[in-house]
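K.L.:
got a sequence here, can you model it:
(one chain, ligands or ions: 2)
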Amino acid sequence: MQRNNILAPSILSANFNHLGEDINCVIQAGAQYLHIDVMDGMFVPSISFGMPVIRSIRKEHDCFFDVHLMVQNPERYIEEFAKCGADNITIHAESCTHLHSAIQQIKKHNIRAAVALNPATPLNVLDYILNDLDMVLLMTVNPGFGGQTYIPEMTEKIQTLRNRILSTGKEIDIQVDGGVNDSTIHTVLEAGANVLVAGSAVFKGNAEENVTHYLNILNQYQTY
Ligand code: DX5
Ligand code: ZN
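P.N.:
Ligands and ions are numbered 1, 2, ... in the order given. This is a model prediction of the structure:
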């Protein structure tokens, strides 16, 4: 089985004054996922947006909603985000006391389940849950803000995770989030990531052209 290379524009960098138009633009240009960053001001310093915003976007858009929960004890909100229209819910290992149980809670809704790791969190927290996951999100910056610089040490982490996943024989996606742009996209793809979040790299300038540009690069890489 082959994994697909996927572009996931993060709406955190969109213009909220015309969010719907920005979403239409990136989806029509071919982006497969819409990356939706929920921040609570506790797990990360910043506060972004929550259920009412996601619910109203869902009324107008039927694209894939990739919801990244940067909130403390995310298990409190899984049911509600699933009802808001999430197609994937990503929870942070660092924010969740009962991680195994929270993953099962996500899967109960018949949507995709993913776990995110901060840059300093070792891969071994995945030891007893990897087989239950559809995707692992490796943060390549410290979560909380768009427009930060890729942390170079994360390249080895992506490679190590890819090898570990290959040894399971399962198709588990590797998503990278933070600082993906022209200078880093080849590095993360070569290391084995296949779902690429891009916020500022997509929404700064002409979003349609940027999506086309990054999809062309994604298509040059065979997943393995
Ligand atoms: C950061 C968020 C990211 C953010 C990425 O904590 O999880 O999804 O939007 O932004 P860029 O691509 O600009 O680094
Ligand atoms: Zn994110």
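K.L.:
and the residue lying closest to residue 176 once chain neighbours are set aside, how far from ligand 1?
P.N.:
Nearest residue to residue 176 in three dimensions, chain neighbours excluded: residue 193, at 4.4 Å (CB to CB, 6 or more residues apart in numbering). (C-beta placed from N, C-alpha, C; glycine too.) For residue 193, the distance to ligand 1 equals 13 Å [CB to the nearest ligand atom, to the nearest Å].
K.L.:
could you do residue 164 as well?
P.N.:
Taking CB to the nearest ligand atom, one finds residue 164 at 23 Å from ligand 1.
K.L.:
got the contact list for that residue?
P.N.:
When contacts are counted by CB atoms under 8 Å, 6 or more residues apart in numbering, residue 164 touches 123, 126, 130.
K.L.:
7 Å instead, please
P.N.:
Contacts for residue 164 were tallied using CB atoms under 7 Å, 6 or more residues apart in numbering; they are residue 123.
K.L.:
may I have the secondary structure class of it?
P.N.:
helix (DSSP: H, G, I helix; E, B strand; the rest coil).
K.L.:
for the residue of the chain found nearest ligand 1, grab the count of nearby residues.
P.N.:
Among the residues of the chain, residue 199 lies closest to ligand 1, at 2.9 Å counting by CB to the nearest ligand atom. Other residues near residue 199 come to 25 when the count uses other CB atoms under 10 Å.
K.L.:
any idea which element the nearest residue to residue 82 once chain neighbours are set aside lies in?
P.N.:
In space, and not counting its chain neighbours, residue 82 is closest to residue 109: 3.9 Å by CB to CB, 6+ apart. Assessed by DSSP states H and E, residue 109 sits outside every helix and strand.
K.L.:
run a quick neighbour tally on residue 109.
P.N.:
Counted with other CB under 10 Å, residue 109 comes out at 15.
K.L.:
now do residue 43
P.N.:
The burial count for residue 43: 20, using other CB under 10 Å.
K.L.:
what's the answer for the one 10 residues further on, then?
P.N.:
Residues near residue 53, counting by other CB under 10 Å, number 16.
K.L.:
ditto for residue 38
P.N.:
25.
K.L.:
same check, this time on the one 4 residues further on
P.N.:
Counted with other CB under 10 Å, the burial measure for residue 42 works out to 12 neighbours.
K.L.:
what's the answer for the one 4 residues further on, then?
P.N.:
Other residues lying near residue 46 total 14 when counted by other CB under 10 Å.
K.L.:
check residue 156 too.
P.N.:
10.
K.L.:
which residue sits closest to it, ignoring its sequence neighbours?
P.N.:
Nearest to residue 156 is residue 191, by CB to CB, 6+ apart, at 7.9 Å.
K.L.:
now do the contacts for the one you found.
P.N.:
155, 158-159, 162.
K.L.:
could you check the pLDDT of it?
P.N.:
Residue 191 is assigned a predicted lDDT (pLDDT) of 98.
K.L.:
where's it relative to residue 205, distance?
P.N.:
Remark: distance between residue 191 and residue 205 (CB to CB, to the nearest Å) = 26 Å.
K.L.:
cool, residue 105 as well?
P.N.:
Taking CB to CB, one finds residue 105 at 39 Å from residue 205.
K.L.:
ok, now residue 119?
P.N.:
For residue 119, the distance to residue 205 - CB to CB - is 27 Å.
K.L.:
likewise for residue 130?
P.N.:
For residue 130 relative to residue 205 (CB to CB), the value is 37 Å.
K.L.:
settle it for me: which of those two has more neighbours?
P.N.:
Comparing residue 130 with residue 205 by other CB under 10 Å, the one with more neighbours is residue 130, at 17 against 10.
K.L.:
having no further points to raise, I will conclude here.
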